[in-house]
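>>> can't give you the sequence, but here's the structure:
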């Protein structure tokens with residue numbers, strides 16, 4: 001049910017349907033009656049809660065009057081009524097004014113002499129109306145409640161403290177001892193520490209309280225609060241895990257709650273994430289938890305082990321064995337959790353899951369279709385080629401009984417299976433074509449079409465059969481988006497087939513029978529046949545069909561037909577039909593913004609040649625990436641409360657730039673650099689390093705990485721720095737760079753320090769150099785040293801001392817190479833571009849690549865050294881001893897550069913390279929050949 005807006009379309013009509021807010025406010029007079037009619041008041045409070053749950057908005061005045069009318073019901077001793085009062089007060093407290101007035105009534109209900117139900121609910125309500133200034137006066141009460149003998153009271157206090165941590169961190173941190181005592185208290189033990197607080201409730205005589213009750217949920221809440229208090233202290237979290245993790249995870253542990261044990265497993269994984277050196281110790285703990293008596297803890301530990309990065313098959317074996325045992329459990333929830341964990345593991349380590357295949361085959365016929373779906377998709381990842389046909393038959397039997405979401409999972413698994421077992425493509429294609437005849441929504445149909453696209457792309461022998469299936473799909477496809485995608489693929493792949501004419505009939509049928517969007521796509525597909533098929537008879541037939549489209553009712557269809565007819569007649573099809581490249585739109589947009597915002601460029605035409613091109617496939621891949629998409633950590637989602645205040649990022653107005661891949665990382669760099677006034681005169685950014693260069697190990701006290709930004713006349717080094725010491729703060733952090741060559745044509749122009757680096761918050765320092773000789777492209781290495789002031793600080797509060805001392809820290813070198821001055825760029829036809837550049841500025845050298853053990857390694861090294869983009873899939877070697885790789889790029893200044901690398905491999909002499917460089921500038925060709933020679 002939505003709490004954010006009124007649910008007027010739910011269709012439910014009942015008792016509460018026949019009243020509104022006005023009626024309820026009028027009936028609120030019943031709260032003032034004496035004696036109090038508990039039954040009437042409960043019914044009216046129920047109406048108020050119902051309206052609030054539907055999203056009914058109460059004005060401030062209305063809510064305040066209603067709030068104080070409800071508070072009069074504290075006089076009643078009716079327990080059911082009192083519970084409703086607490087619920088309504090909680091909901092109205094965020095809108096009403098002067099809600100603090102009810103504090104005295106709530107504190108009275110919190111007294112140890114009150115009923116347990118009153119005490120727990122009063123604590124929860126008090127948390128809603130409390131702010132940081134009031135918390136000091138309530139501290140004694142809440143600390144006493146945390147160690148109370150009753151689990152309901154203790155849990156209410158712990159959960160309230162957890163929420164209060166966000167508004168009063170320093171106060172709640174002082175309750176760590178009480179939270180730890182709530183965890184450690186044993187059931188049916190002697191006196192609880194609550195006794196020491198009883199005397200603070202004036203007039204109460206000391207009593208003997210037993211420890212926290214047998215309900216172990218208190219430990220779960222207390223452990224969560226304790227972690228929230230200590231989460232910023234890595235060492236404290238590590239000790240927390242060590243203290244509460246029992247030996248072998250079986251006996252002797254203070255934690256009796258399985259929920260708390262699961263929480264501890266996640267915290268252990270966080271420790272392993274932050275401190276890789278603890279991986280072995282944490283793994284031993286996780287392995288011990290696999291033998292815990294509770295299935296929930298076993299599952300959590302097994303999932304944690306399966307998510308360890310780079311885990312070996314031997315390390316995964318205990319977890320896989322545990323999950324395999326759960327596959328035969330009688331509880332559907334346990335089976336579902338186990339098979340889902342195995343399914344996730346099979347994506348990266350199918351061999352480790354293969355021993356479970358027999359158990360998973362028995363689950364294919366499980367009554368729970370979610371379980372059977374995960375079982376079949378896991379088997380598709382781990383099975384062998386002999387089992388493919390049997391699995392396909394079993395899947396076909398229940399496809400009509402599962403949901404669309406499950407169908408998508410199955411289809412995606414089949415699509416990936418085609419690459420693993422290409423010889424079975426006919427079986428999988430038959431299955432996919434049959435799946436299309438089943439009922440399903442757009443997502444399911446799209447998944448099937450994408451899976452068939454994989455056959456066309458990766459299995460050449462299945463291309464004609466797959467295209468035939470796609471032709472049948474568009475004959476009866478209700479989704480225009482899918483028809484357009486299929487028509488585009490037919491236009492690209494159809495002309496390459498031995499009999500292209502059989503696809504033209506299906507395409508032209510779309511021109512006759514479909515809507516304008518599909519008709520336009522069909523015209524474009526026909527044009528590709530007219531251009532790419534060599535048979536003149538086919539070309540003439542396509543012209544006739546396109547001529548018929550000139551009378552179409554839609555403007556765009558007519559315009560496309562007219563353009564393509566003129567293209568085919570003029571023979572200028574390369575720039576309009578065959579060109580598979582497009583400009584990098586983010587880069588183009590950034591260059592255009594720089595151009596129009598700079599008045600000095602008004603008299604100069606925009607240089608489009610300096611904008612790199614990418615293939616359509618690269619553009620689609622960039623479009624499907626998600627910003628900031630990261631996989632969940634081993635410890636699961638963070639459950640820490642929000643922190644008050646804002647920590648410094650260590651660079652003031654120059655925040656650190658994340659190294660997480662995004663749609664256009666260079667665009668983000670350019671945006672951040674534009675915010676720095678010292679770089680305003682540098683002009684547009686030409687290139688940034690694709691990935692930051694790590695200058696330290698991740699376990700060191702200061703983690704440093706470097707990103708190089710190249711401008712037309714300047715080079716900016718961006719140092720991302722993180723302080724991993726929680727007991728110190730760094731201030732005025734500078735990076736001193738020293739080139740290894742005194743004659744290098746670089747002069748330091750700008751040095752921007754990171755003002756402050758607090759614990760675990762990245763900061764940025766910049767160093768900018770100017771190239772004094774524009775025709776010189778320096779290659780050198782820089783030694784780097786951090787200079788800063790260290791101040792000790794309190795790990796809990798983060799407050800630094802007033803006095804500090806100067807210190808320095810040496811990091812690894814940063815190199816500047818020719819590749820930093822080259823921007824990778826895509827071109828659709830290398831041979832055409834190579835011929836257009838001619839031999840005038842060509843440079844050819846024959847070299848021996850002694851450092852490359854093979855052709856594939858040589859390709860990788862050449863791409864890195866030249867900074868160019870491999871074209872036409874030549875970056876991958878297909879197992880031969882002879883290979884030719886072609887590269888394309890744009891040298892700084894907008895100069896097009898092409899390279900042809902002819903390589904041979906001999907076991908005795910290694911890799912021999914003949915490197916040819918062509919560009920529009922002879923000097924650039926010499927510079928590029930010098931990057932290798």
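Yep, that arrived. Note that this is a predicted model, so its numbers are computed, not measured.
>>> buried set for stretch 808-828?
Neighbour-count burial for stretch 808-828, with 16 or more other CB atoms under 10 Å as criterion, is recorded at 809, 811-812, 814, 816-828. No exception for glycine: its C-beta is placed from N, CA and C like everyone else's.
>>> what's the span of it from first residue to last?
End-to-end distance for stretch 808-828: 51 Å, by CA to CA, to the nearest Å.
>>> could you tell me how many residues sit around the closest residue to residue 36 other than its chain neighbours?
Distances taken as CB to CB, 6 or more residues apart in numbering put residue 76 closest to residue 36, at 4.7 Å, once the chain neighbours are dropped. For residue 76, the count of nearby residues is 17 (other CB atoms under 10 Å).
>>> tell me the pLDDT at residue 76?
Per-residue confidence (pLDDT) for residue 76: 85.
>>> where does this structure have low pLDDT?
1-19, 186-215, 246-253, 572-583, 609-610, 612-664, 933 (pLDDT under 70).
>>> mind redoing it with 50?
Within the chain, the stretches with pLDDT under 50 are 1-15, 188-214, 247-251, 623-663.
>>> out of the buried residues of stretch 808-828, which sit inside helices?
Assigned to helices by DSSP state H, none of these qualify.
>>> how close does the residue nearest to residue 36 sit to residue 63?
21 Å (CB to CB, to the nearest Å).
>>> what of residue 503?
Look at residue 503 and residue 63: by CB to CB, they are 68 Å apart.
>>> now residue 595
For residue 595 relative to residue 63 (CB to CB), the value is 56 Å.
>>> higher neighbour count, these two?
Applying other CB under 10 Å to residue 595 and residue 63 shows that residue 63 carries more neighbours, namely 20 against 15.
>>> enumerate every residue touching the more buried one.
Going by CB atoms under 8 Å, 6 or more residues apart in numbering, residue 63 touches 92, 95, 96.
>>> quick check, residue 155 in contact with residue 218.
Yes - if you go by CB atoms under 8 Å, residue 155 and residue 218 touch, sitting 5.5 Å apart.
>>> out of those two, which sits in the busier spot?
Using other CB under 10 Å, the more surrounded residue of residue 155 and residue 218 is residue 218, with 29 against 25.
>>> just checking, that one touches residue 153?
No - between residue 218 and residue 153 there is no contact under CB under 8 Å: 9.6 Å.
>>> where exactly do the helices run in the stretch 401-550 of the chain?
In the stretch 401-550 of the chain, the helices defined using DSSP state H, counting those that start in this stretch lie at 404-420, 425-436, 442-458, 463-475, 480-493, 501-513, 516-532, 536-548.
>>> turn these into JSON lines, including mean neighbour count.
Formatted as JSON lines, those follow (neighbours: other CB atoms under 10 Å):
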{"stretch": "helix 404-420", "mean neighbour count": "20"}
{"stretch": "helix 425-436", "mean neighbour count": "19"}
{"stretch": "helix 442-458", "mean neighbour count": "20"}
{"stretch": "helix 463-475", "mean neighbour count": "19"}
{"stretch": "helix 480-493", "mean neighbour count": "20"}
{"stretch": "helix 501-513", "mean neighbour count": "18"}
{"stretch": "helix 516-532", "mean neighbour count": "23"}
{"stretch": "helix 536-548", "mean neighbour count": "15"}
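>>> how about those helices in JSON lines, adding distance to residue 930?
Shown next, in JSON lines, are the helices of the stretch 401-550 of the chain (distance: least, CB to CB, whole Å):
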{"stretch": "helix 404-420", "distance to residue 930": "41"}
{"stretch": "helix 425-436", "distance to residue 930": "48"}
{"stretch": "helix 442-458", "distance to residue 930": "39"}
{"stretch": "helix 463-475", "distance to residue 930": "44"}
{"stretch": "helix 480-493", "distance to residue 930": "40"}
{"stretch": "helix 501-513", "distance to residue 930": "50"}
{"stretch": "helix 516-532", "distance to residue 930": "40"}
{"stretch": "helix 536-548", "distance to residue 930": "48"}
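>>> which of those helices sits closest to residue 115?
Among these, the nearest to residue 115 by CB to CB is helix 404-420 (47.5 Å).
>>> tell me which other helices or strands the closest one touches.
Helices and strands touching helix 404-420, as assessed by 3 or more CB pairs under 8 Å, 6 or more residues apart in numbering; DSSP states H and E, comprise helix 369-382, helix 388-398, helix 425-436, helix 442-458.
>>> got a list of contacts for it?
Counting by CB under 8 Å, 6+ apart, residues outside helix 404-420 touching it are 369-370, 373-374, 376-377, 380-381, 388, 392, 395, 399, 402, 424-425, 428, 431-432, 435, 438, 440-441, 443-444, 447-448, 450-451, 454-455, 458-459, 462.
>>> 6 Å instead, please
373, 377, 380, 425, 428, 440-441, 443-444, 447-448, 451, 454-455, 458 (CB atoms under 6 Å, 6 or more residues apart in numbering).
>>> how far off centre is it?
22 Å (CA atoms, centre = their mean, to the nearest Å).
>>> now the angle from that helix to helix 442-458?
Here helix 404-420 runs at an angle of 0 degrees relative to helix 442-458 (axes from the mean of the first three to the mean of the last three CA atoms, to 10 degrees).
>>> need the contact list for residue 69.
28, 31.
>>> tell me which element it is part of?
For residue 69, the element it lies in under DSSP states H and E is helix 60-71.
>>> list the buried residues in that helix.
By neighbour count, with 16+ other CB under 10 Å as the criterion, the buried positions of helix 60-71 are 62, 63, 64, 66, 67, 68, 69, 70, 71.
>>> and residue 560, how far from residue 801?
Applying CB to CB to residue 560 and residue 801 gives a distance of 72 Å.
>>> my bad, should have said residue 544
When residue 544 is compared with residue 801 (using CB to CB), they lie 87 Å apart.
>>> swap in residue 757?
15 Å.
>>> ok, residue 154 next?
Distance check for residue 154 against residue 801: by CB to CB, it reads 38 Å.
>>> have a look at those two and say which one is more surrounded.
Taking neighbours as other CB under 10 Å, residue 154 and residue 801 compare with residue 154 leading, 29 against 12.
>>> from the contact counts, what lies against the helix or strand hosting the more buried one?
Per DSSP H and E, residue 154 falls inside helix 151-164. Helix 151-164 is packed against helix 116-129, helix 132-146, helix 217-230, with contacts defined by 3 or more CB pairs under 6 Å, 6 or more residues apart in numbering; DSSP states H and E.
>>> of those, which stretch is the most buried?
Each of the helices and strands packed on helix 151-164 was assessed for mean neighbour count using mean count of other CB atoms under 10 Å. The highest is helix 217-230, with a mean of 24.
>>> wait, a helix at residue 280?
Yes - judged by DSSP: H, G, I helix; E, B strand; the rest coil, residue 280 forms part of a helix.
>>> for residue 864, list the residues it contacts.
Residue 864 makes no contacts at all, as judged by CB under 6 Å, 6+ apart.
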